[in-house]
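Undergrad: Here is a sequence with its predicted model. Questions after.
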Amino acid sequence: LRVTAGPMESSKLSAEEEYLASSQKWNEEINFEEIDEDLATFQEDELVQQALHRGVDLDKYGKELERDLRQAEMESVVLYVENSEQVSDLHRKMQECDGVLASMEEMLHGFQADLGEISAEIKHLQSDSLSMSIRLKNRREAETILHRFLDNGTIMPWVAATIVSDYINDEFLNAIVVLSERLKYLEQTEPAADGSSLDIAPSETYCGRSLLPEFEKLKIKAISKIRDYLTAQFTALRKPKTNIQMVQQNSLVKYAQLFHFVQREAPVVADDLRSMYVESMGRTLLNLFKSYYSQLAKQDSIVVSKNDLIAVEEATLKSLFTQKVDTTKRNDTFALGDRDKILEQIEWEPILVHVAQAENQRFPFEVLLRSVLKHLVDAASNEFLFLVDFFKTQPKDTFNRIFGRTLSLILENIENYLLNCYDVVGLLIMIKMTHLLRLVMQRRRIPVLDSLFDRISLLLWPRFKQVFDANLKSIRNANAKKLGTVDVSPHYVSRRYAQLICSVITLQGGSDWGVGGGGETMMVHDVNTMRTEMIALLERLSGLLVNTKDRRVFFVNNFDMILSVFQERNIMCEEVQRFEDLLMQQRELFAEEEIRASFPKLITFVLATEKLMNDAAATGSGAVSLDENEVESLVREFASFWKAGIQQINDDVLAYFATCRNGMDILKQVLTQLLLYYTRFQDIIKKTWSRAPAFTRDIVSTATILMEIKRYSRMF
């Protein structure tokens, strides 16, 4: 169904719509958020707060305010009318100010335009300045490179003038240094490393092509001049009484750069100069050492001859014109004495030949050899350091060429001496001395003589072995009957043996490394072998004595003498211990023999009875019965003669060991052994008879015997 509204309703409807639209528009125009802010502001106002606090009618209060505002407005109008002239005048002045400000604005616009033009000019000047600065920098760099190139590639006039002059001095040396640097620079076939030739090789530059031929002429002149100078100096080394070190330091090392220049620019000429120096210096050293050794050899004192062996037959010791024995040949041939002091003086100054000849001094060969080798060590050290400073290259090869003939001469002299050398102590000293000199060179860090020291050691050790074996053989093959008279006193063979072994051990133990040069193990073995052979020889010599007691005394005296020689040198080693053991063994045997000789019946009875008792105890056959009369006889005999027996023992010890350093100990040992036997004799009596027989009253007490022993101990 369709319903149509009437005109009244339509107009009413449109009016409502307009009202709603206007209300919506009004709501949109009003910003309620701002109203809220205004209300908040009003609430904070002090007057509003007071009005609200007093409960004022706001409507009425607003009308009062409006009336006050209208009254204030009317008063303002009246006041304005009254001051109209001043307001007009103020208006005129403000217009004038506006005109002035307008003219100033125009003027400032003009200034701004001028400043813009000035800024453009400044920027242009800055650009020109930067460009000029870059060009200046480039020109300075080019100047620096060109200056460096000219410094490296050209020489001053004084350099050429000095080179062609006739003098060799410091100025000439400086000129050669400059010429060498210029040649080295211009001869480069690659661009210089310092960039001074840019990307062009110095030899390909115009300067290089122009100046190199001129520099070559100067180089030839310099090489010729240097060659003549060095040839003259090398020749001067051959002149007699020339101070070689002074020439080397003042005339050669000082101008070593001259040779280095020749070595770099003319290697063939440098090799010729080196050969010339080698020949001159080698001949000079050879003549010096040959003359020194020949004069020094005249001062040699022969210490040992071929016949000076440990076991020498008496016929060899007899004088040529008489049948008497030359006892001087039995002296300290093998004694070390103070000969080893030379090892502490290894770096002392060599012997001055003219002083030794004037004072008629004589020296053993090891002293002469030390003097020669000390000269050699000093000369080798100085020469090697000179070669390093002067030649720079191949110093060791050059050294060997210079010293080759000199070293061969020294080895030949040593070898000739060793052919007739029988001094075993001197040989060992020379072996140790050679090792010490090697250490001297090592401390100097100049190991150029190692091969020489090796060769010397290879000469000395075999000869030492040969001479030592000759002495060993003399002991092993010695005929006891041909070694002179044998009695209970120490034999001369023992002293010679002790002196030799003492010397060997002293030299071997004088440092942590032994003798040095190898061979220590061999030497220790030979010493042990000689000890065995020496004991065997003493056995053969003792066999020539009549009775056993004399043989024991012979052993004690010889072993004691050997130990006394060892103690003189404060030697403590295996050899000392071995001979101390042998001495103690022989002393015990002597004590036994001495007691048997003084109290034969008592000792025989004790030993026999103890054997019977031990056998009976082992077989369980019961107690051993003894002859009471026999025991009583022994007791009474000992009681009657024991003091005389001890006196006899004391006399025998005094007679046998008057020169023995431990005679007191031997006497104590014999008397103590006697006391032990007598105590054992008393024990046998106690074991045999439970009740003491009547003869026991005659037994001498142990305390009494001890008192007598102490008395003799004080008397010895």
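TA: Structure received. This one's a predicted model, so the numbers in the text were calculated from it and none came from an experiment.
Undergrad: Please count neighbours and contacts with C-alpha atoms only from this point.
TA: Fine.
Undergrad: Secondary structure element for the residue nearest to Val653 when sequence neighbours are not counted, which one?
TA: Leaving aside its sequence neighbours, Val653 sits nearest to Leu667 (Cα to Cα, 6 or more residues apart in numbering; 6.4 Å). Element membership of Leu667 [criterion: DSSP states H and E] is helix 663-688.
Undergrad: And that helix, how far out from the chain middle?
TA: From the chain centre to the centre of helix 663-688 is a distance of 63 Å (Cα atoms, centre = their mean, to the nearest Å).
Undergrad: Glu171 contacts Thr162, doesn't it?
TA: Yes - counting by Cα atoms under 8 Å, Glu171 touches Thr162, with 7.1 Å between them.
Undergrad: Compare those two (neighbour count), which wins?
TA: Neighbours per residue, other Cα atoms under 10 Å: of Glu171 and Thr162, the larger number sits with Thr162, 19 against 14.
Undergrad: what pLDDT does that one get?
TA: For Thr162, the model assigns a pLDDT of 87.
Undergrad: Which residues does the helix or strand that contains it contact?
TA: Assigned by DSSP H and E, Thr162 belongs to helix 157-163. Outside helix 157-163, the residues that touch it by Cα atoms under 8 Å, 6 or more residues apart in numbering are Glu171, Phe172, Ala175, Ile176, Val178, Leu179, Leu218, Lys221, Ala222.
Undergrad: and stretch 703-715, what's its mean pLDDT?
TA: Averaging pLDDT along stretch 703-715 gives 78.
Undergrad: Enumerate the positions of it that are buried.
TA: Ile705, Ile709, Tyr712 (16 or more other Cα atoms under 10 Å).
Undergrad: with those residues in mind, which one is nearest to Gln508?
TA: Using Cα to Cα, Tyr712 is the member of those that lies nearest Gln508, at 43.2 Å.
Undergrad: So the closest one is in contact with Gln648, correct?
TA: No - contact criterion Cα under 8 Å: Tyr712 and Gln648 do not qualify, at 11.4 Å.
Undergrad: other SSEs contacting the one helix or strand Ser119 maps to?
TA: Element membership for Ser119, per DSSP H and E: helix 84-153. Contacts defined by 3 or more Cα pairs under 8 Å, 6 or more residues apart in numbering; DSSP states H and E place helix 84-153 against helix 170-186.
Undergrad: For the helix it packs on, enumerate the helices and strands it packs against.
TA: Packing contacts for helix 170-186, counted by 3+ Cα pairs under 8 Å, 6+ apart, involve helix 84-153, helix 157-163, helix 206-236, helix 256-265.
Undergrad: Sketch out the low-pLDDT regions of the stretch 101-250 of the chain for me.
TA: 195, 197 (pLDDT under 70).
Undergrad: Mind telling me which residue is nearest the centre of this protein?
TA: Arg443 (8.8 Å; Cα atoms, centre = their mean).
Undergrad: how near is it to Tyr497?
TA: As defined by Cα to Cα, to the nearest Å, Arg443 lies at a distance of 37 Å from Tyr497.
Undergrad: One more: Ala616?
TA: Remark: distance between Ala616 and Tyr497 (Cα to Cα) = 50 Å.
Undergrad: Give me the more crowded residue out of those two.
TA: Using other Cα under 10 Å as the criterion, Ala616 and Tyr497 rank with Tyr497 on top: 24 against 14.
Undergrad: What does the pLDDT read for the more buried one?
TA: Listed pLDDT for Tyr497 reads 92.
Undergrad: which residues in the stretch 601-716 of the chain form helices?
TA: For the stretch 601-716 of the chain, the helices defined by DSSP state H, counting those that start in this stretch occupy 628-656, 663-688, 702-715.
Undergrad: helices and strands around the shortest one, which ones?
TA: Counting contacts by 3+ Cα pairs under 8 Å, 6+ apart, helix 702-715 is packed against helix 663-688.
Undergrad: do the second one as well
TA: Applying 3+ Cα pairs under 8 Å, 6+ apart, we find helix 663-688 packed against helix 574-598, helix 600-619, helix 628-656, helix 702-715.
Undergrad: Residues in contact with the last one: which ones?
TA: Outside of helix 702-715, the residues within contact range by Cα under 8 Å, 6+ apart are Asn650, Met664, Leu667, Lys668, Leu671, Leu675, Thr679.
Undergrad: what's the closest of the residues you listed to Leu418?
TA: Met664 (47.3 Å).
Undergrad: Run a quick neighbour tally on the closest one.
TA: If we define neighbours as other Cα under 10 Å, then Met664 has 20 of them.
Undergrad: With the one 10 residues further on instead?
TA: Residues near Leu674, counting by other Cα under 10 Å, number 23.
Undergrad: what's the answer for Ser457, then?
TA: 21.
Undergrad: what's the pLDDT at it?
TA: With respect to pLDDT, Ser457 scores 92.
Undergrad: roughly how far apart are it and Ile429?
TA: Distance of Ser457 to Ile429, given as Cα to Cα: 12 Å.
Undergrad: Repeat that for Arg70.
TA: According to Cα to Cα, Arg70 stands 146 Å off from Ile429.
Undergrad: Between the two, which has more neighbouring residues?
TA: Between Arg70 and Ile429, counted using other Cα under 10 Å, the more crowded position is Ile429 (25 against 11).
Undergrad: That's all I had, so thanks and see you.
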